[in-house]
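Chemist: Here is my input; please provide its structure:
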Amino acid sequence: MGALNEFIDQHFDRFVEELIELLRIPSISADPAYKEDVRRTAIAIEAGIKKIGFSQVEVHETAGHPIVFAQEHVDDKLPTVLVYGHYDVQPPDPLELWNSPPFEPVIQKTKIHPDGAIFARGACDDKGQMYMHIKALEAMLATTGLPCNVKLLIEGEEEVGSDHLEGFIAANKELLACDVVLVSDTSMIANDVPSITCGLRGLSYVEVEVTGPNRDLHSGVYGGAVANPINILAEMISSLRDENNYITIPGFYDDVDEVSEDDRARIGEIPFSLEAYQDDLKIGAAEGEAGYSTLERASIRPTLDVNGIWGGYTGEGAKTVLPSKAYAKISMRLVPHQDPDAITKLFTDHFQSIAPESVTVSVKPHHGGKPAVTPTDSIEYRAAEMAMEEAFEKKPLPARGGGSIPIVSLFEDLLNVKTVLMGFGLDSDDIHSPNEHFGLFNFEKGIRTIPLFHQHYASLKKAT
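Modeler: Numbers count the residues shown, from 1 in each chain. Next up is the predicted model:
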């Protein structure tokens, strides 16, 4: 791997500059105003993959945002790795909390990233991590060659639920046929504590609307006599969890997979400082479901959180209004073996049942996804473990991720393959938040580790 690492050394500054240019494009999939920017990003990625030497690169249209597909076939006898990533990003709001404009990338040193980190929306989630694969493949093509057949599937709708990806996969099973899916859209425990995500939570995401009077009313004339939808919505939301932070929706926990004591003990072995965790977030205390540690609450237990709430007058100054409507967006993180559709129905039925007669309630489901677990005794996981151990000179720990990547279960259902979640970000990289960033150390480590995965995976497959 000497020539490959020398190539990375020689071209790393260029790799960073190319990523910065990609981060300048505001590919916000949730906002129709940025539709052309999302498309521009897809075209830029297509051009970048062609430039490194892939023989087949295509932009596929969908009813939503485009999908970039590419493949390089080496030999029928070699296994095929399908690399998945996404180029769309979360909205950058609130803009006033960014230390620098979200689409004007800057490199700054931090305590956690003394070598510097790129600050920009999408730096870690997922443009930076997706781009590691393109640059790793460039390095392999320029030096050692590819030890596996490689396919790339890079979409533009992950941040809005990958609504059109299932149809694309179902219609292109032969095109996407592979032996394993490789994804870098997760995190490590720390730069000196490598880890591989072996489980993800699922997701049910809904929007609720509470309606009271047929129009906004004067709070002096009507206050105290007519139901206030904001007050009622707050009370309804408050009732969804009890004093132990246990979710009160009937049937919510029926299918929850209770993690074994051995697996909980392994979670307990993960280096974690509650004091440092609280200090980083500037909170006085962590909280969550009684009977579980902070790491367990954030990985192996289901949750219910309000992601946004609004209604009435929110402008400057005062307006004494009793609003007609109130709204909230609510997400529920799910664990094996909870089904997102079933949970969405349980939530809807319960939320409507607890509404008083003074208001009407509607629940609008948004996107969801199934939880996923990757066996740690598989060839796929073993190849990732060997690659990270070689790159970091330390055996990675298996860890459950608290986030959701709905396509993982989709790949298993439609392509009948397992997914390896080999991420290089950190939980402290502020993804989905102001000042998102990605360490230059992490970007480089990813580029150096990915070729090792391909090499070890090809060897392990050949030996079976």
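Chemist: From here on, just use CA atoms for contacts and neighbour counts.
Modeler: Fine.
Chemist: got the buried residues for stretch 419-437?
Modeler: Within stretch 419-437, the residues that count as buried by 16 or more other C-alpha atoms under 10 Å are 419-426, 428-437.
Chemist: Ignore what I typed, I meant stretch 83-90.
Modeler: Across stretch 83-90, burial judged by 16+ other C-alpha under 10 Å covers 83-90.
Chemist: Nearest to residue 206 among those residues?
Modeler: Distance to residue 206 across those (C-alpha to C-alpha) is lowest for residue 90, with 17.5 Å.
Chemist: Find me the pLDDT at the closest one, would you?
Modeler: You'll see residue 90 listed with a pLDDT of 97.
Chemist: Name all residues that make contact with it.
Modeler: Residue 90 is in contact with 28-30, 121-122, 159, 432, counting by C-alpha atoms under 8 Å, 6 or more residues apart in numbering.
Chemist: How much space separates it from residue 34?
Modeler: Separation of residue 90 from residue 34 (C-alpha to C-alpha, to the nearest Å): 12 Å.
Chemist: which neighbours do these two share?
Modeler: Common neighbours of residue 90 and residue 34 (C-alpha under 8 Å, 6+ apart) are residue 28.
Chemist: Throw the contacts of residue 90 into JSON lines and include pLDDT, thanks.
Modeler: Output for those, formatted as JSON lines (pLDDT from 0 to 100):
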{"residue": "28", "pLDDT": "98"}
{"residue": "29", "pLDDT": "98"}
{"residue": "30", "pLDDT": "96"}
{"residue": "121", "pLDDT": "98"}
{"residue": "122", "pLDDT": "98"}
{"residue": "159", "pLDDT": "94"}
{"residue": "432", "pLDDT": "95"}
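Chemist: looking at those residues, which has the most residues close by?
Modeler: Within the contacts of residue 90, neighbour counts (other C-alpha atoms under 10 Å) peak at residue 121, which reaches 35 neighbours.
Chemist: give the contact list for the closest residue to that residue other than its chain neighbours.
Modeler: Once flanking residues are discounted, residue 121 sits nearest to residue 102: 5.2 Å by C-alpha to C-alpha, 6 or more residues apart in numbering. Contacts for residue 102 (C-alpha under 8 Å, 6+ apart) come out as 92, 95, 119-121, 434-435.
Chemist: Same check on residue 100?
Modeler: Shown in contact with residue 100 (C-alpha under 8 Å, 6+ apart): 106, 119, 435.
Chemist: Of those residues, which belong to strands?
Modeler: Judged by DSSP state E, those include 106, 119 as members of strands.
Chemist: ok, residue 279 to residue 294 distance?
Modeler: Residue 279 is 14 Å from residue 294, where distance means C-alpha to C-alpha.
Chemist: okay, those two: which has more neighbours?
Modeler: Higher neighbour count among residue 279 and residue 294: residue 294, with 15 against 12, using other C-alpha under 10 Å.
Chemist: Tell me the secondary structure at the closest residue to residue 226 other than its chain neighbours.
Modeler: Nearest residue to residue 226, sequence neighbours excluded (C-alpha to C-alpha, 6+ apart): residue 213, at 7.5 Å. Under the three-state scheme (DSSP: H, G, I helix; E, B strand; the rest coil), residue 213 adopts coil.
Chemist: What residues does residue 213 make contact with?
Modeler: Residues in contact with residue 213 (C-alpha under 8 Å, 6+ apart) are 226-227, 323-325, 359.
Chemist: Whichever of those residues end up buried, select them in PyMOL.
Modeler: Entered in PyMOL, the line below selects the buried ones among the contacts of residue 213, by 16+ other C-alpha under 10 Å:
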select buried, resi 227+323+324+325+359
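Chemist: What is the neighbour count of residue 125?
Modeler: 29.
Chemist: before we move on, what about the one 4 residues further on?
Modeler: Summarising burial for residue 129: neighbours were counted as other C-alpha under 10 Å, giving 30.
Chemist: Got the phi and psi for the closest residue to it other than its chain neighbours?
Modeler: Closest residue to residue 129 apart from its sequence neighbours, by C-alpha to C-alpha, 6+ apart: residue 184 at 5.7 Å. Backbone torsions of residue 184, given as degrees, to the nearest 10, read phi -120, psi 90.
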